[in-house]
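A.B. asks: Build me a model from this:
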Amino acid sequence: PASTRLSKTAKHLLEDSTYDIEFHGFLSNHAKHAVIALDRLGAPESRTQEYWDQYTTETPYGFQLHPVKTQNWDLVKPATPDEWNREWRGKKTRWQEHESESLGGDTDKLIQEYAPDLLPGIAGALTHGLIHLGWAIDADIITPG
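C.D. replies: Numbering: from 1, shown residues only. Predicted coordinates for the structure are as follows:
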């Protein structure tokens, strides 16, 4: 398998689930992609670790990566239209399950109501997840988070 080709440092870093796949609201975390690339290019393990330490502390955008956060979904209530526009719009979170309840469970209504606002930003978010999955499959390393 491909994972046997990875260095000990690369395997260790790829198993780290400390950081979210996105940060600062909308930016994509590429740390694990770079770990695989550096390892495959034959970079010394110390260089791969150095890259990880630098990127997780301050990305090229000047921001630190966000740790993965957990949320108690039992406390989440459906958003009012005002709350949606003020607090939820443009944020990636599992609002749809709770919002669907306020529309009587009608998925068609949910899509008609929110798709026009959500579709313009879907391409970047969708492709990053697919790229992240592709790197994981290629490296034969699938980890939670």
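A.B. asks: Roughly how far does the residue of the chain positioned farthest from its centre sit from Arg86?
C.D. replies: Computed with C-alpha atoms, centre = their mean, the residue of the chain farthest from its C-alpha average is Gly104, at 29.9 Å. Using C-beta to C-beta, to the nearest Å, one obtains 24 Å as the distance from Gly104 to Arg86. Just so you know, the C-beta spots here come from the backbone N, C-alpha and C atoms, and that holds for glycine as well.
A.B. asks: what helix or strand is Asp39 on?
C.D. replies: According to DSSP states H and E, Asp39 maps onto helix 31-40.
A.B. asks: what's the next secondary structure element after that helix?
C.D. replies: Defined by DSSP H and E, the subsequent element after helix 31-40 is helix 45-57.
A.B. asks: what's the span of stretch 50-63, first residue to last?
C.D. replies: 17 Å (C-alpha to C-alpha, to the nearest Å).
A.B. asks: the helices in this structure, which residues?
C.D. replies: Here the chain has its helices, by DSSP state H, at 8-15, 31-40, 45-57, 81-83, 96-102, 107-118, 122-139.
A.B. asks: re the thing from before, so what's the gap between the helix holding Asp39 and the chain middle?
C.D. replies: Chain-centre distance of helix 31-40: 17 Å, with C-alpha atoms, centre = their mean, to the nearest Å.
A.B. asks: returning to what we had before: now the residue farthest from the centre of the chain: how far from Asp39?
C.D. replies: 51 Å.
A.B. asks: where in this structure is pLDDT low?
C.D. replies: Within the chain, the ranges that satisfy pLDDT under 70 run 1-4, 70-79, 84, 88-102, 118, 120-126, 141-145.
A.B. asks: Go ahead and flag the most central residue of it.
C.D. replies: Geometric middle of the chain (C-alpha atoms, centre = their mean) lands on Ile21, at 2.6 Å.
A.B. asks: Enumerate every residue touching that residue.
C.D. replies: For Ile21, the contact set (C-beta atoms under 8 Å, 6 or more residues apart in numbering) comprises Ser28, Asn29, His128, Gly129, His132, Gly145.
A.B. asks: Appreciated, that's everything.
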